[in-house]
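K.L.:
Here is a sequence together with a model predicted from it:
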Amino acid sequence: MQLSSNTISAIASPRRREILRLIWRQELAAGAIHRAMPDVTFGAVSLQLRALALAGLVTSRAEGQRRYYRANPEALGPVGRLLEQTWGDALWRLKLLAEFERTRRGPRPAGRGRRSHIRKVRTS
């Protein structure tokens, strides 16, 4: 099975892989996916879901004003099985957190590992 460039691009993003993990075995509303990723906006989650859908990696259905998403594991073939194996690994979770922090946009929360390089000068 050969993966398309759209599929490869879609799974290259750590956020998209995390979304796939969330909906791999269960259907979730877009709002629930957003709540599981509180460091990004709902609009950003929506864009990621759209990219996954265009690559054929998720299916969606509308129910009223809500949209529900579920992964399409068959679209990834053996790569999907590899993803499943990595998701249970503690090292995977650490890697994912590091990737999220590296790709995060906007201001960083105060007090989370950022130290000022300015020294106070004594005036005595």
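P.N.:
Right, received. Where do you want to start? In this text the structure is predicted, and so the values were computed from the model without any measurement.
K.L.:
CA-only coordinates of the lowest-mean-pLDDT helix or strand in the chain in CSV, if you can.
P.N.:
The weakest-scoring helix or strand in the chain, judged by mean pLDDT, DSSP states H and E, is helix 90-103 (a mean of 73). Provided in CSV are the C-alpha atoms of helix 90-103 (Å, rounded to 0.1, in the frame of the first residue of the first chain):
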residue,chain,number,x,y,z
ALA,A,90,5.1,6.7,27.6
LEU,A,91,8.0,7.9,25.5
TRP,A,92,5.5,8.8,22.8
ARG,A,93,3.5,11.0,25.2
LEU,A,94,6.7,12.8,26.2
LYS,A,95,7.7,13.3,22.6
LEU,A,96,4.2,14.6,21.7
LEU,A,97,4.3,17.2,24.6
ALA,A,98,7.7,18.4,23.4
GLU,A,99,6.5,18.7,19.8
PHE,A,100,3.4,20.6,21.0
GLU,A,101,5.6,23.0,22.9
ARG,A,102,7.9,23.5,20.0
THR,A,103,5.1,24.2,17.5
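K.L.:
for that helix, packing partners?
P.N.:
helix 14-23 (3 or more C-beta pairs under 8 Å, 6 or more residues apart in numbering; DSSP states H and E). Glycine gets a C-beta too; all of them are placed from N, C-alpha and C.
K.L.:
Now do the helix it packs on against helix 90-103, angle only.
P.N.:
Orientation check (axes from the mean of the first three to the mean of the last three C-alpha atoms, to 10 degrees): helix 14-23 against helix 90-103 gives 140 degrees.
K.L.:
May I see the buried residues of the least confident helix or strand of the chain?
P.N.:
Buried positions in helix 90-103, judged by neighbour count with 16 or more other C-beta atoms under 10 Å: L96.
K.L.:
pLDDT at the one residue sitting closest to the centre of the chain, what is it?
P.N.:
In the chain, the residue lying closest to the centroid (C-alpha atoms, centre = their mean) is R15, at 1.9 Å. pLDDT for R15: 90.
K.L.:
Quick check: chain neighbours aside, which residue is closest to it?
P.N.:
Spatially, and ignoring its direct neighbours in sequence, R15 is nearest to Q48 (5.5 Å; C-beta to C-beta, 6 or more residues apart in numbering).
K.L.:
what sits against that neighbour?
P.N.:
13, 15-16, 19 (C-beta atoms under 8 Å, 6 or more residues apart in numbering).
K.L.:
All set now, cheers.
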